[in-house]
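This is the structure alone, sequence omitted:
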């Protein structure tokens, strides 16, 4: 019988531990750098063959050590590369994955294969290819007073080996795969029998019945195609047990769920050959109204919602989806199959996924410019432990970890949205910045620009008057009123918090004679109006979701299912806007906490030190500081200087101190039109502006850890989180970098 786990307690426990931070000094603090930075650590690797039945203990004393750093002399480790798949992709789907490559050198011989055969015989493994291997990574130090880091362990199976033999000896490139990933391989995850899951009412009924049918099918094969049966076990949240499956009156043609022929009050599910267990399980989850509400309406609030309504359109709550953690425990050796029978475990769990909102136009469009929601969203990600790391690159003065940064931008990027999502699309508010101070600043700048234009027109009208009179007096009065109105706007602009918080630098003006009539991007690069928002619009394409296979789930004509189906496709198959490769000095944080099926309480008091991939999509904040210099300053023939009080006073400008402060916000607009006469100002000296187009929160999908020649480095592959408008939370994020830089303590 399938078992349950307390999903809510799991989340509360994980968030509670991580929110305390490393030293209990606060919640959601950024971690700058690696726990290996402060002390002189070196890596140590050990690769041990184990009997599969005994491998569950992960004890090297039960096996034969094949190769170990600084210990074995016949076989030497050249390099070890570990690849972890921690985000959704079309290969592992909702599951996690791990694989690696171990390169071993043998000088003056080619005996490693013989050693494998002898070790397997010693461990009573009938076929050496079926052996399980324990890889251990530790970080010893020379000083006993340095903090002791744990030993990181993974269980692998060898999938292949390439051998290169020369007169000097042999080199072995060994391909390995995480034991737990065998549970999603086609040999065991693809259902080869037609199954009928009957008399279903709840999600618990579905999981329990599926487990029973799979195990019964295995027993029927005993003494026919196998001597020992595989065992299937499903673990799912106990709160999901009572979730009602949809009782469809008119099921789709391709919908496996339909009325039970034995009990009209319940339903049945027909499973065809070739169906993947991961897809089938996800399909059942998405067939419950409660889960559809998570995706389309109330996020992770836990409130029951009407799946036919999508009234909740906020980004300040991170929505939950689902993930499946797998594991494999080896049973008896099956001589008929020539392999060990396995107990295959699938643990279904809720999973915080920020990308859900990026595919929902009704959520994304009205809220991406809302400063309050942006701050709340980032704060929740940080307190939940999803956003704990920050990496600072060039020009920051605090980069000790980043080696290189590569980013690929896909300008054909789009997100699918369910066909029913457009039902009330006309009611979506415009792209506004109603909550942000910088929006107010932009509006004031626009108002002042319009008033300046009005004053110029009035002046032209006054100049055109042949004789002053009543009309001339009216124009003069209008000019006076407009000037007063402009001064009021300027005073309000100066008092705007977002203005006073940062020094205002006027935009440069390009060489007048060389660029007449042309507008150049760099001439207004520092204007706040054009720096907001630092987010990239998303194209939303309607997807009818009328699927014909299990890759995209059936039930597309039902509103709640359409939301679920489209979300699944967006996570699994869609191209993403920005993909990055951040090359860093190695950080054990990204190894993550271990598989919870194997160990629920591993380093419980230190969970905050490691990424919890089972909790949700982990991320990091990336920042850099590249200076940009105006074109005018690079032109040796430029005649322009910077505004000064002397310059202004010589041209009759009163109260230069006040005028200089206020007009500094306007100089860029005036200079853009080469209008220096009206303000008595000229373009500025060379200026510096942070280049922040690539600064963002990135969600990590894959980690490649490389141990080679005594160096431990990592590549973090990820996607830009398009739901966070960095410009609205930029100061808050960068402020915490300085704080943590000074006070963090490993």
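Now that the structure is in, tell me what you want to look at. Remember, predicted model here, so these are calculated numbers, not experimental data.

where do the strands sit along the stretch 201-350 of the chain?
Assigned by DSSP state E, counting those that start in this stretch, the strands in the stretch 201-350 of the chain fall at 231-237, 257-259, 267-271, 275-276, 320-334, 339-352.

name the helices or strands packed onto the second one?
In terms of contacts (3 or more C-beta pairs under 8 Å, 6 or more residues apart in numbering; DSSP states H and E), strand 257-259 is packed against strand 267-271. To be clear about C-beta, it is placed using only N, CA and C from the backbone, and glycine gets the same treatment.

before we move on, back to that, any chance of JSON lines for the strands of the stretch 201-350 of the chain, columns mean neighbour count and mean pLDDT?
Shown next, in JSON lines, are the strands of the stretch 201-350 of the chain (neighbours: other C-beta atoms under 10 Å; pLDDT from 0 to 100):
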{"stretch": "strand 231-237", "mean neighbour count": "21", "mean pLDDT": "96"}
{"stretch": "strand 257-259", "mean neighbour count": "18", "mean pLDDT": "73"}
{"stretch": "strand 267-271", "mean neighbour count": "20", "mean pLDDT": "86"}
{"stretch": "strand 275-276", "mean neighbour count": "19", "mean pLDDT": "90"}
{"stretch": "strand 320-334", "mean neighbour count": "22", "mean pLDDT": "95"}
{"stretch": "strand 339-352", "mean neighbour count": "22", "mean pLDDT": "95"}
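
Dump those to TSV, plus distance to residue 588.
Output for those, formatted as TSV (distance: least, C-beta to C-beta, whole Å):
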stretch	distance to residue 588
strand 231-237	27
strand 257-259	45
strand 267-271	42
strand 275-276	33
strand 320-334	20
strand 339-352	23
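
Show me the one of the ones you listed that comes nearest residue 702.
Taking C-beta to C-beta, strand 320-334 is the member of the strands of the stretch 201-350 of the chain nearest to residue 702, at 15.2 Å.

Out of the strands of the stretch 201-350 of the chain, flag the one nearest residue 715.
So among the strands of the stretch 201-350 of the chain, strand 320-334 is nearest, using C-beta to C-beta, at 22.5 Å.

Just list what that closest one packs against, helices and strands only.
In terms of contacts (3+ C-beta pairs under 8 Å, 6+ apart), strand 320-334 is packed against helix 277-286, helix 289-296, strand 339-352.

Go again with 6 Å.
strand 339-352 (3 or more C-beta pairs under 6 Å, 6 or more residues apart in numbering; DSSP states H and E).

what angle separates the strand it packs on from strand 231-237?
Between the axes of strand 339-352 and strand 231-237, defined by axes from the mean of the first three to the mean of the last three C-alpha atoms, to 10 degrees, the angle is 10 degrees.

And the contacts of strand 339-352?
7, 52, 130, 183, 188, 228, 230-236, 318, 320-334, 597, 616 (C-beta atoms under 6 Å, 6 or more residues apart in numbering).

got it, and stretch 45-62?
Residues contacting stretch 45-62 (C-beta under 6 Å, 6+ apart): 63-69, 77, 80, 119, 123, 125, 131-137, 153, 155, 329-330, 340.

Repeat that for stretch 98-112.
Taking C-beta under 6 Å, 6+ apart as the rule, stretch 98-112 contacts 67, 75-76, 78-84, 165, 169-178.

if I look at the closest residue to residue 124 other than its chain neighbours, how far off is residue 64?
Spatial nearest neighbour of residue 124, chain neighbours left out: residue 51 (6.5 Å); criterion: C-beta to C-beta, 6 or more residues apart in numbering. Taking C-beta to C-beta, to the nearest Å as the criterion, residue 51 is separated from residue 64 by 10 Å.

now do residue 170
Here residue 170 is placed at a distance of 19 Å from residue 64 (C-beta to C-beta).

cool, and residue 350?
41 Å.

do residue 30 as well
Residue 30 sits 44 Å away from residue 64, going by C-beta to C-beta.

Please say which of these two ends up with more neighbours.
Applying other C-beta atoms under 10 Å to residue 30 and residue 64 shows that residue 30 carries more neighbours, namely 22 against 17.

The more buried one touches residue 734, doesn't it?
No: using C-beta atoms under 6 Å, residue 30 is not in contact with residue 734; the gap is 9.9 Å.

who are the neighbours in contact with the residue nearest to residue 154 when sequence neighbours are not counted?
Distances taken as C-beta to C-beta, 6+ apart place residue 135 nearest to residue 154, at 4.9 Å, with adjacent residues excluded. By C-beta under 6 Å, 6+ apart, the residues touching residue 135 are 47, 154, 156.

Just give me how far the helix or strand where residue 135 lies sits from the chain centre.
For residue 135, the element it lies in under DSSP states H and E is strand 132-138. The chain centroid and the centroid of strand 132-138 are separated by 28 Å under C-alpha atoms, centre = their mean, to the nearest Å.

Just the angle for it relative to strand 339-352, thanks.
Angle of strand 132-138 versus strand 339-352, following the same axes, to 10 degrees, is 50 degrees.

What's the mean pLDDT across strand 132-138?
The average pLDDT for strand 132-138 rounds to 97.

and the angle for it with strand 320-334?
Counting by the same axes, to 10 degrees, strand 132-138 points 130 degrees away from the direction of strand 320-334.

just to revisit the earlier point, any chance of the contacts of residue 135 in TSV, plus secondary structure?
Shown next, in TSV, are those (DSSP: H, G, I helix; E, B strand; the rest coil):
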residue	secondary structure
47	strand
154	strand
156	strand
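
Quick one, which of the residues you listed are buried?
For the contacts of residue 135, a burial check counting by 16 or more other C-beta atoms under 10 Å picks out 47, 154, 156.

Can I get the residues you listed in CSV including pLDDT?
Converted to CSV, the buried ones among the contacts of residue 135 look like this (pLDDT from 0 to 100):
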residue, pLDDT
47, 98
154, 96
156, 97
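
Dump the residues you listed to TSV, plus distance to residue 243.
Rendered in TSV, the data for these read as follows (distance: C-beta to C-beta, whole Å):
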residue	distance to residue 243
47	44
154	34
156	36
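
from these, which single one is nearest residue 35?
Proximity of the buried ones among the contacts of residue 135 to residue 35, judged by C-beta to C-beta, is greatest for residue 154, which lies at 19.1 Å.

any idea how far residue 80 is from that closest one?
11 Å.

same question, residue 464
83 Å.

Among those two, which residue is more densely surrounded?
Neighbours around residue 464 and residue 80, counted as other C-beta under 10 Å, are more numerous at residue 80. The numbers are 24 against 8.

wait, doesn't residue 316 sit right on residue 379?
No: counting by C-beta under 6 Å, residue 316 does not reach residue 379; the two are 9.1 Å apart.

Quick check: closest non-adjacent residue to residue 218.
Sequence neighbours aside, residue 229 is the residue nearest to residue 218 in space, at 3.9 Å (criterion: C-beta to C-beta, 6+ apart).

returning to that earlier point: mind checking pLDDT for the residue nearest to residue 124?
98.

Tally up the residues packed near it, please.
Residue 51 has 20 nearby residues by other C-beta under 10 Å.
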